[in-house]
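1. Here is my input, please return the structure:
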Amino acid sequence: MGYLLLAGAIAAEVGATTAMKYSEGFSKLWPSLLTLLGYVVSFSLLAQTLRTLSIGTAYAIWAGVGTAAIAAIGILFMGEGLTAAKATGIALIIVGVVVLNLGGAH
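-> Residues are numbered from 1 along each chain as shown. Modelled structure (predicted):
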């Protein structure tokens, strides 16, 4: 159940960050409200996740997957370029989360 809650927290965070892009510096009401709601939901679900997962594991997955997902959204849907440095950074984030999980962070 912890990983399911964590997936929800990640999805809410990614949605909130995407909405933030469209809020234009919080000058547009609806994207700004979606940003606020998304982060409230994300942190609430992350807090529930910590009941069953270690903080190091949960936060690493939440931050790493969220960062990689936002980078991918930027590349695929917002016209951001994919450079070798960006691709390497995303890969290192993913490898770091895997290593943390395999390294006994539970």
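2. residues near the closest residue to Glu80 other than its chain neighbours, how many?
-> Excluding the flanking residues, the one nearest Glu80 by CB to CB, 6 or more residues apart in numbering is Gly74, at 3.9 Å. To be clear about C-beta, it is placed using only N, CA and C from the backbone, and glycine gets the same treatment. By other CB atoms under 10 Å, 17 other residues sit near Gly74.
3. go on, the one 4 residues further on?
-> Other residues within reach of Met78, judged by other CB under 10 Å, total 11.
4. can you pull the pLDDT of the closest residue to it other than its chain neighbours?
-> Distances taken as CB to CB, 6+ apart put Lys21 closest to Met78, at 7.0 Å, once the chain neighbours are dropped. In this model, Lys21 is scored at 96, pLDDT.
5. For Lys21, identify the helix or strand it belongs to.
-> Taking DSSP states H and E as the criterion, Lys21 maps to helix 2-22.
6. For the residue nearest to Glu80, what is the enclosing helix or strand?
-> Counting by DSSP H and E, Gly74 is part of helix 55-77.
7. contacting residues around that helix?
-> With CB atoms under 8 Å, 6 or more residues apart in numbering as the test, helix 55-77 has contacts from 2, 6, 9-10, 13-14, 17-18, 46, 49-50, 80-82, 86, 89-90, 93-94, 96-97, 100-101, 105-106.
8. of these, buried ones?
-> For the contacts of helix 55-77, a burial check counting by 16 or more other CB atoms under 10 Å picks out 6, 9-10, 13-14, 17-18, 46, 49, 90, 93, 97, 100, 105.
9. Of all these, the one with the weakest confidence?
-> Comparing these by pLDDT, Ala105 comes last, at 51.
10. now, the most widely separated pair of the buried ones among the contacts of helix 55-77?
-> Thr18 and Ala105 (28.2 Å; CB to CB).
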